[in-house]
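I need the structure of the sequence given here:
(one chain, ligands or ions: 1)
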Amino acid sequence: MSLLVVGSVAFDSIRTPHGEAEGILGGSASFFSVAASWFGPVKVVAVVGEDFGEEHLEVFRLRSIETTGIERARGKTFRWKGEYVGDMNDARTLDLQLNVFQNFSPKVPESDASTEYVFLGNIDPKLQLHVRRQVPHARMVACDSMNYWIEGSLDDLKKTLREVHALVINEGEARMLSGHQNLRKAAKEIQKMGPEIVVIKRGEHGVSLFTNGSIFSAPAFMLEEFKDPTGAGDSFAGGFMGHLARTGDFSEANLRRAVVYGSVMASFAVEEFGLKRLLRLTPQEIEGRVREFAQLTRFDV
Ligand code: AMP
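Residues are numbered from 1 along each chain as shown. Predicted coordinates:
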């Protein structure tokens with residue numbers, strides 16, 4: 001299998017009711033790739049600045065993630081500062097510095113042009129489309145987006161959506177993009193824009209998967225320890241795409257399993273700040289939680 005992600009590699013500063021962290025390694029591509037690395041090889045396309053040290057690259061190498069697509073540019077790495085209050089369902093962005101992302105033109109290394117599985121993480125939809133067109137043979141291209149781009153770059157986002165197979169998006173953003181409050185109608189409207197598969201992330205309420213003609217919902221895993229929601233969405237996408245790439249099977253039953261693997265990876269990510277928990281997982285822990293998930297949702301009719 002070959003799985004490639006384009007997205008942000010960032011230094012995050014985060015405050016939650018359970019503590020805070022300053023300048024830790026984060027970003028959509030980081031959470032995605034570390035989560036997906038538990039399923040098979042992953043390649044990252046991103047940009048970092050001069051302040052990005054060997055010790056940070058080492059984090060990717062520790063998980064055997066291919067970093068030749070991480071470009072180093074003059075200037076500072078992307079920075080995001082966010083805060084979560086109350087039930088921690090929504091992040092409040094306190095500060096966002098695009099830095100080296102301002103002049104970024106993502107390049108898929110030539111040797112990766114035949115990549116079959118691609119995740120277009122949350123960045124400017126123009127850049128997402130630019131990457132999409134560099135991997136013409138991909139069997140499954142999924143993308144993510146957020147309010148910032150839906151409000152400011154809707155036409156570009158619609159162009160990107162026409163060329164992807166799946167969209168993985170938050171419920172608020174699905175409503176904003178489709179103009180429908182009702183999630184079933186929202187998913188239908190988004191499917192008309194291009195992606196046959198629409199995955200709507202609903203925070204503590206779990207995830208819903210809409211494919212042509214069928215709906216599946218998984219609850220969120222009920223955790224006792226929940227410290228930092230940052231990266232939950234990207235870790236979900238890492239588990240979802242990691243499982244699809246590992247199996248190469250897009251049947252309805254396997255898409256549902258992919259949703260559960262995604263939910264499991266998200267549940268680990270939020271147990272600690274940053275990438276910490278995702279880095280010290282074991283395959284046994286992942287499988288164990290998948291079984292707990294099955295138990296959580298099983299009932300007799
Ligand atoms: P999520 O999985 O949705 O919680 O994404 C969290 C990550 O997204 C954080 O590590 C941030 O560095 C990154 N992030 C926040 N805002 C943006 C943005 N506008 N573009 C790209 N990455 C972002």
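
The residue in the stretch 151-300 of the chain positioned nearest to the ligand in helix, strand or coil?
Across the stretch 151-300 of the chain, the shortest distance to the ligand (Cβ to the nearest ligand atom) belongs to Gly233, at 3.3 Å. No exception for glycine: its C-beta is placed from N, CA and C like everyone else's. The three-state assignment at Gly233 reads helix, by DSSP: H, G, I helix; E, B strand; the rest coil.

What's the per-residue pLDDT of the closest residue to it other than its chain neighbours here?
Nearest in space to Gly233, with sequence neighbours left out and distances taken as Cβ to Cβ, 6 or more residues apart in numbering, is Lys201 at 5.6 Å. On pLDDT, Lys201 comes in at 96.

Count the neighbours of Lys201 for me.
By other Cβ atoms under 10 Å, 24 other residues sit near Lys201.

same deal with Phe32?
33.

quick one on the thing from earlier: ok, how many other residues are close to the residue of the stretch 151-300 of the chain closest to the ligand?
26.

What of Thr93?
11.

Now the phi/psi pair for it, please.
phi -80, psi 120 (degrees, to the nearest 10).

can you check Thr16 too?
Torsion angles, degrees, to the nearest 10, at Thr16: phi -130, psi 170.

rewinding a little: how close does the residue nearest to Gly233 sit to Glu54?
34 Å (Cβ to Cβ, to the nearest Å).

what does Val85 give?
In terms of Cβ to Cβ, Val85 sits 36 Å off from Glu54.

Check Arg298 too.
Taken as Cβ to Cβ, the span from Arg298 to Glu54 is 47 Å.

just the helices in the stretch 101-250 of the chain please.
Assigned by DSSP state H, counting those that start in this stretch, the stretch 101-250 of the chain shows helices spanning 125-132, 147-152, 154-161, 171-178, 183-193, 232-247.

Contacts made by the fourth one with the rest, please.
Right, helix 171-178. 90, 145-147, 150-151, 157, 169, 181, 183, 185-187, 189-190, 193, 198, 200-203 (Cβ atoms under 8 Å, 6 or more residues apart in numbering).

Val85 and Glu54 - which one has more neighbours?
More crowded of Val85 and Glu54, by other Cβ under 10 Å: Val85, with 12 against 7.

Count the residues that sit near the residue lying closest to Ile70 once chain neighbours are set aside.
Nearest residue to Ile70 in three dimensions, chain neighbours excluded: Ala46, at 5.1 Å (Cβ to Cβ, 6+ apart). Applying other Cβ under 10 Å, we find 29 residues neighbouring Ala46.
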